[in-house]
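Student: no sequence for this one, just the structure:
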């Protein structure tokens, strides 16, 4: 089965009579679910079995063989069945022949190179509840316990992510309970959950270990069942997670926030976070839960993609040292960020040497239509090769590119000058490879809508960051 929902079901089968009974049963079961009487459902079953059998017999006479696709639509007062045939066509008078056998009103639509479609309708005797009854809401007196995830609850955590994101969450391991279990066992995943008296998981926040030398965690995987309203559950779980993090020895903790709302930004700012980078349009909408579904308002129509604000909470003094050199325009734009990190900066030489060759790594993210370049050894040839790769990916439909460069690498000013002529613009400071070294993110966008006015940031530092990134975007991007 390809797909099934409350209003539409699909099934694709080979043109082989081995699958005839199974396909007919599937259609009849759908008829029963939408309210057909026993007599009408028997007609539906026999009709579909006859039509599919005719298609399969006819297919055997041809030299090409393709799947038969069945679409069933519940249109409130009638059931519509469409069978797509891309094998040897049935004769044009087949519909008339079918009607002589007291089958439903069957007609054939010629789709040309798309094949032919057999269509017939069945009236529904009663209305069908198209939306399933919602699960019971959590009431004000429902007790919710905030605690670590227990062994054996990994499958429940997978179910929670599905209820919010479907199968679109960016980190695919949340759909594999055994992978969650293994990460917890290795200490790479610390899960804090909200649980009701019936042991249902209602919310979750995790500490994800990103590095062991230095020890770096990310507060991530925050999710709350959309049926939980006005209980402040996420805040409670997050505060418990931050309290647990105090027992861990770490250099710093990383956060990132989707900027279509600022609720989490306000919450995390209480914990001394430093806003460092604004990654414009780096996330596909398909990989994020909609605001409407979460009960947080409407998603902005002016944006095809979501942006992320990257923040960091130091857990030791001067995790990136005390002094760095930066090109003047970068240092001036990010002076507030550097000061918050306990860093002072000095201008790097304007004509800092850049090597001829250089090297980089490329990490594609097909589900995000994005690519991240790690320019670990800047050089003129590497820059040109990297831009060539990005331009080819734009033609293939990619929409975001990020370039991470270590601050300590020579020639950062040249890197900026070169990339700015190719449509790249600044993103901000990053913890390079989650180490004690700072890096810088440049970024570029393929054809897509960016609604800067719809990006929501909360702190004074992030507002400065938004202005700097927007100005550089407008200056370097061909409109």
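Tutor: Yep, that arrived. Quick caveat, the model's predicted, so the values are computed rather than measured.

Student: low-confidence ranges, the stretch 301-450 of the chain, go.
Tutor: 301-303 (pLDDT under 70).

Student: ok, 90 please
Tutor: Across the stretch 301-450 of the chain, the ranges flagged by pLDDT under 90 are 301-306, 348-354, 366-368, 447-450.

Student: residue 419 touches residue 382, doesn't it?
Tutor: No: between residue 419 and residue 382 there is no contact under C-beta atoms under 8 Å: 11.8 Å. Any C-beta I mention is one placed from the backbone N, CA and C, and that applies to glycine too.

Student: neighbours of the residue nearest to residue 316 when sequence neighbours are not counted, how many?
Tutor: Of all residues not flanking residue 316 in the chain, residue 251 sits nearest, at 5.4 Å (C-beta to C-beta, 6 or more residues apart in numbering). With neighbours defined by other C-beta atoms under 10 Å, the count for residue 251 comes to 20.

Student: verify the stated contact: residue 251 with residue 434.
Tutor: No: look at residue 251 against residue 434 with C-beta under 8 Å: they stay out of range, at 9.1 Å.

Student: for residue 309, grab the count of nearby residues.
Tutor: 28.

Student: what does residue 107 show for phi and psi?
Tutor: With angles defined as degrees, to the nearest 10, residue 107 sits at phi -140, psi 160.

Student: for it, list each beta-bridge partner.
Tutor: Beta-bridge pairing of residue 107 under DSSP bridges involves residue 119.

Student: let's have the chain start at 218 instead
Tutor: Sure, I'll start numbering at 218, so the last one becomes residue 324.

Student: touching, it and residue 336? I think so.
Tutor: Yes: with contact defined as C-beta under 8 Å, residue 324 counts as touching residue 336 (5.8 Å).

Student: neighbour count: the two, which is higher?
Tutor: residue 336 (17 against 14).

Student: quick one: the more buried one and residue 326 touch, right?
Tutor: Yes: counting by C-beta under 8 Å, residue 336 touches residue 326, with 6.2 Å between them.

Student: and for residue 635, the neighbour number?
Tutor: Residues within reach of residue 635, counting by other C-beta under 10 Å, total 19.

Student: which of the three states applies to residue 433?
Tutor: Here residue 433 is recorded as strand under DSSP: H, G, I helix; E, B strand; the rest coil.

Student: in contact with residue 541, which residues?
Tutor: Counting by C-beta atoms under 8 Å, 6 or more residues apart in numbering, residue 541 touches 555, 560-563, 624-625, 655.

Student: looking at the sheet around it, what are its partners?
Tutor: residue 562.

Student: give me the common contacts of residue 468 and residue 651.
Tutor: residue 433.

Student: just to revisit the earlier point, which of the contacts of residue 541 count as buried?
Tutor: 555, 560, 562, 624, 655 (16 or more other C-beta atoms under 10 Å).

Student: the nearest residue to the fourth one once chain neighbours are set aside pairs with what?
Tutor: By that I understand residue 624. Nearest residue to residue 624, sequence neighbours excluded (C-beta to C-beta, 6+ apart): residue 655, at 4.5 Å. Residue 655 forms beta bridges with residue 648, as assigned by DSSP bridges.

Student: so residue 655 makes contact with residue 647?
Tutor: Yes: with contact defined as C-beta under 8 Å, residue 655 counts as touching residue 647 (7.3 Å).

Student: which residues does stretch 363-371 contact?
Tutor: For stretch 363-371, contacts defined as C-beta under 8 Å, 6+ apart pick out 374, 394-395, 397-398, 401, 407-412, 418, 421, 453-454, 457, 461.

Student: restricted to buried residues, select the residues you listed in PyMOL.
Tutor: Command for PyMOL that selects the buried part of the contacts of stretch 363-371, burial taken from 16+ other C-beta under 10 Å:
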select buried, resi 374+394+397+398+401+407+408+409+410+411+412+418+421+453+454+457
